[in-house]
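Novice: Sequence and predicted structure are below.
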Amino acid sequence: MIEKALKGSTGYWVWMLFLLSIMGVGGLCYVQQFNYGLGITGMSRDVTWGVYISQFTFLVGVAAGGLMLVLPYYIHNYKAFGRIVILGEFMAIAAIAMCLMFIIADLGQPMRAMNVLLHPTPHSMLFWDMIVLNGYLVLNVLCGWVVLQSEYKGIKYPKWIKPFIYLSIPWAISIHTVTAFLYCGLPGRHFWLTAILAPRFLASAFAAGPALLMVIAMILKKTTKFDVGREAQDKLVTIIGYAAMLNFFFLGCEFFVAYYSQIPGHMHTLDYLFWGLGHGDEVFNNLVPFMRASVVMGLAGIALIFVSRAKQSDGLLVVSCLLIFIAFWIDKGLGLVLGGFVPNMMDQVTEYYPSVQELGITAAIWATGFFILSILYKVAISVKLEKEA
Amino acid sequence: MDSKRRDFLKIAGLTAIAGIAAPSAFNSLLKGEAVASEHGAAAAGAHGAAAPTGKRWGMVIDVKKFTENPGLAEKCVSTCHTIHNVPDFGNKKDEIKWIWVDSFKHVFPDDSSQYKKPEALDSLPILTLCNHCDNPPCVRACPTQATFKSKDGVVGMDYHRCIGCRFCMAACPYGARSFNWRDPRGKDANGQPFIKAENPKFPTRMRGVVEKCNFCTERLAIGQIPACVEVAAQSKALVFGDLNDPNSEISQVLKTTFTIQRKPSAGTHPSLFYII
């Protein structure tokens, strides 16, 4: 089945070479980082996690987003998702692969990563995160591949795979919950110390994951004969729209608690992210334009996605999904992690700017993710189209 | 009837087992190692009562005495950093520090009594180091037990096990931890080593691991007091000793003097006490 990835149009090969070139450049950046140390990044004593960990956090959400397809299809027998569900499972594989690469890129001693297994530590949330992420990767590889292979052979998938599919549903919830627990269990970091963090993560995940999937599905519709179908498209609009609204509701709850209680620690990071944090004679606000853009884009995306369905416009659908995806990428892939470090534990402010090498490595990991995704989608779509022809 | 009764007994038995096992399992999930759990349980129940037996180290920092002896705090810092081979990279981004001087408003950021604070307060030199918490969030967060709590109260680091994930740095409410962003054994552009004069009796660290104050465990092990305390011995600005011994100097000071701790609301129960 994998041989399907080795036959493709010129466009396919150009795309793969493009990704490989980014991976190559980023690989060179990583060699530099490996030899010099993490000091080559923009991270500092005060902002100890940067784009690597924030990308990781966001991508866990993209992976968990696959749940929004698996659940209706396998539990509620929603047949319209028959063509798209495999795309969801395969996207989860690529996203988790990126997560793991971002974690490795962020380690000061990557050669010692296996210490997490050699010295299992159940009171550390990172230990559990490792278990749930790797477990989810295995589940999706297994379920996605077995179901697709059965389709390839023209038979119904074997019964033994069903329990694994069912298991993958709560497991998807667990990956983002445990990832939220990394942050919300730390005393002293007020911005993260909120019980609503895991629900907020899940809400943004269930919007951002399917939104990216929708954009890819629309690209596939244009470039190949693969069409996920109008009904699936319309249903996904509902899912993305409501999940995105829920995310903004949770964000509103955070604002209320901070600004109504007037507890300084709760307000500081929101000040920094959305208004600029005055500190002594200086105002620190390097993330303000991003965060404001995130809110505007997110709300505009929600409005437009429903318009796109009413007008049955694929173009508008792509635009609105991109708006929602980018909005939540800023919210979680920038603001959430970086904001948590401002102000620091001693009420001082250090701002963070990623270095060129750091951005190169980040781009390379994204490119690797899309590389994996392209191979998997190539296989899946070839099989689907072949069987339907 | 019989099968129902057997089912009932099965369920009852399972519930009983779960009831017995669950709290202890939950406890071990929260506290991790047995040592920490002992301290933690005592702390939760009795508001910071320490373990009843053995040595339990603590420190009192008398800020007034440091004001009376200008330069003393800086001397404590430089002595510590010299004997522990703490590198100096000459910039804030890569900075590594085990003990340092900061202002009142930074060391006690929650204390915002706007109108009644004496103006001099913000300029006081306040010595800041790892609090060696009874209930340390860094130990809870570490995925490899590279940072751990000893029975004598010291929160230690195993530099050879640390994977450099910096979860402990996110977890520490006191900013006490530093990361080796680059090779501390290296040299700057002018060929000057980052460790000015290496102390062969203490290990240097490698790139990519976290480090912090170790309460001078290497000195405690051979019956000496921590280096900073030794520097401040004459002025008695730092009082170090066994919190479990009611007759120790530190126990007497704590009994007779009002002291404060950093961020008590975080529930970490620090081993450091400040006289302001």
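Specialist: That came through fine.
Novice: Do a quick rundown of the helices in the stretch 101-250 of chain B.
Specialist: B:104-107, B:137-141, B:167-171, B:217-220, B:227-231, B:249-256 (DSSP state H, counting those that start in this stretch).
Novice: Let's see the third one as CSV, backbone CA atoms only.
Specialist: The reference is to helix B:167-171. Taking C-alpha atoms only, helix B:167-171 is exported to CSV below (Å, rounded to 0.1, in the frame of the first residue of the first chain):
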residue,chain,number,x,y,z
PHE,B,167,9.8,21.9,33.7
CYS,B,168,11.3,22.6,37.2
MET,B,169,12.1,26.2,36.1
ALA,B,170,8.4,26.7,35.1
ALA,B,171,7.3,25.1,38.4
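Novice: can the helices of the stretch 101-250 of chain B go into TSV with extra columns for mean pLDDT?
Specialist: Output for those, formatted as TSV (pLDDT from 0 to 100):
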stretch	mean pLDDT
helix B:104-107	89
helix B:137-141	96
helix B:167-171	96
helix B:217-220	95
helix B:227-231	96
helix B:249-256	96
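Novice: Compile the ones you listed into CSV and extend it with columns for distance to chain A.
Specialist: Where C-beta positions appear, they are placed from N, C-alpha and C, glycine not excepted. Formatted as CSV, these follow (distance: least, C-beta to the nearest C-beta, whole Å):
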stretch, distance to chain A
helix B:104-107, 4
helix B:137-141, 5
helix B:167-171, 4
helix B:217-220, 20
helix B:227-231, 19
helix B:249-256, 24
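Novice: Out of those, which gets nearest to A:L316?
Specialist: helix B:167-171 (40.8 Å; C-beta to C-beta).
Novice: Give me the helices and strands touching that closest one, please.
Specialist: helix B:137-141 (3 or more C-beta pairs under 8 Å, 6 or more residues apart in numbering or on different chains; DSSP states H and E).
Novice: Go through the helix it packs on and flag the buried ones.
Specialist: By neighbour count on 16 or more other C-beta atoms under 10 Å in any protein chain shown, the buried set for helix B:137-141 is B:P137, B:C138, B:V139, B:R140, B:A141.
Novice: I'd guessed the third one sits against B:V154; true?
Specialist: No: no contact is recorded between B:V139 and B:V154 when judged using C-beta atoms under 8 Å, the distance being 11.3 Å.
Novice: which residue packs closest to whatever residue of the stretch 51-200 of chain A ends up closest to chain B, ignoring adjacent ones?
Specialist: Evaluated by C-beta to the nearest C-beta, the stretch 51-200 of chain A has A:G108 as its residue closest to chain B, separated by 2.0 Å. Excluding the flanking residues, the one nearest A:G108 by C-beta to C-beta, 6 or more residues apart in numbering or on different chains is B:G164, at 2.0 Å.
Novice: list the contacts for the residue of the stretch 101-250 of chain B found nearest chain A?
Specialist: Residue of the stretch 101-250 of chain B nearest chain A, by C-beta to the nearest C-beta: B:G164 (2.0 Å). Contact analysis of B:G164 by C-beta atoms under 8 Å, 6 or more residues apart in numbering or on different chains lists A:L38, A:L107, A:G108, A:Q109, A:R112, B:F179, B:N180, B:G208, B:V209, B:V210.
Novice: What of B:A73?
Specialist: Applying C-beta under 8 Å, 6+ apart, the residues near B:A73 are B:F66, B:V101, B:P125, B:L127.
Novice: List the buried residues in whichever strand or helix holds it.
Specialist: Using DSSP states H and E, B:A73 maps to helix B:72-83. By neighbour count with 16+ other C-beta under 10 Å, helix B:72-83 contains the buried residues B:L72, B:A73, B:C76, B:V77, B:T79, B:C80, B:H81, B:T82, B:I83.
Novice: from what I can see the third one touches B:I99, true?
Specialist: Yes: taking contacts as C-beta under 8 Å, B:C76 lies within contact range of B:I99: 6.5 Å.
Novice: What is the nearest of the contacts of B:G164 to A:T223?
Specialist: So of the contacts of B:G164, ranked by how close each gets to A:T223 (C-beta to C-beta), first place is A:L107, at 37.7 Å.
Novice: Just give the closest residue to A:F255, not the sequence neighbours.
Specialist: Here the residue nearest A:F255, using C-beta to C-beta, 6+ apart, is A:L270, at 6.6 Å.
Novice: do the same with A:F248
Specialist: A:G298 (6.4 Å).
Novice: ok, now A:V215?
Specialist: A:C321 (5.0 Å).
Novice: same question for the helix or strand encompassing that neighbour, mean pLDDT?
Specialist: Here A:C321 sits within helix A:314-330, counting by DSSP H and E. The average pLDDT for helix A:314-330 rounds to 96.
Novice: likewise stretch B:75-88?
Specialist: Computed over stretch B:75-88, the mean pLDDT rounds to 96.
Novice: And it, how far out from the chain middle?
Specialist: 17 Å (C-alpha atoms, centre = their mean, to the nearest Å).
Novice: Touching it from outside, list them.
Specialist: Contacts of stretch B:75-88 (C-beta under 8 Å, 6+ apart): B:96-101, B:127, B:180, B:184-185, B:194-199, B:201-205, B:211, B:213-214, B:227-228, B:230-232, B:238.
Novice: and the residues you listed, which are buried?
Specialist: Taking 16+ other C-beta under 10 Å as the criterion, what is buried in those is B:96-101, B:127, B:180, B:184-185, B:194-195, B:204-205, B:211, B:213-214, B:227-228, B:230-232, B:238.
Novice: Just to be sure, which of the residues you listed are found in strands?
Specialist: Assigned to strands by DSSP state E, the following of the buried ones among the contacts of stretch B:75-88 qualify: B:I99, B:W100, B:V101, B:L127, B:E211, B:L238.
Novice: Check the residues you listed one by one and keep those near chain A.
Specialist: Counting by C-beta under 8 Å from any C-beta of the partner chain, nothing from those sits close to chain A.
Novice: And these, which two are furthest apart?
Specialist: B:E211 and B:L238 (21.2 Å).
Novice: Tell me where chain A has strands.
Specialist: A:277-279, A:282-284.
Novice: deepest of these, which one?
Specialist: strand A:277-279 (a mean of 17; mean count of other C-beta atoms under 10 Å in any protein chain shown).
Novice: and that one, is it in reach of chain B?
Specialist: No: judged by C-beta under 8 Å from any C-beta, strand A:277-279 stays clear of chain B, getting no closer than 11.4 Å.
Novice: Please name the strands paired to that strand in the sheet, noting orientation.
Specialist: With DSSP bridges as the test, strand A:277-279 is paired with strand A:282-284 (antiparallel).
Novice: before we move on, the earlier item: out of the contacts of B:A73, which two sit at the greatest distance?
Specialist: Farthest apart among the contacts of B:A73 - using C-beta to C-beta - are B:F66 and B:V101, which lie 8.4 Å from each other.
Novice: Select the helix or strand of the chain having the lowest average pLDDT value.
Specialist: Chain wasn't specified; assuming chain A. Every helix and strand of chain A was ranked by mean pLDDT, DSSP states H and E. The lowest is strand A:277-279, at a mean of 86.
Novice: ah, no, chain B please
Specialist: Result, chain B / mean pLDDT, DSSP H and E: helix B:34-46, a mean of 42.
Novice: So what angle separates the directions of the helix or strand that it is followed by and helix B:72-83?
Specialist: Next along the chain after helix B:34-46, taking DSSP H and E as the criterion, comes strand B:57-62. Our comparison of strand B:57-62 with helix B:72-83, counting by axes from the mean of the first three to the mean of the last three C-alpha atoms, to 10 degrees, yields an angle of 140 degrees.
Novice: Using PDB, list the CA coordinates for strand B:57-62.
Specialist: Extracted C-alpha coordinates of strand B:57-62, given in PDB (Å, rounded to 0.1, in the frame of the first residue of the first chain):
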ATOM      1  CA  TRP B  57      18.100  22.200  57.800                       C
ATOM      2  CA  GLY B  58      16.700  25.700  57.700                       C
ATOM      3  CA  MET B  59      18.000  29.300  57.400                       C
ATOM      4  CA  VAL B  60      17.100  32.600  58.800                       C
ATOM      5  CA  ILE B  61      18.100  35.700  56.800                       C
ATOM      6  CA  ASP B  62      18.300  38.900  58.900                       C
END
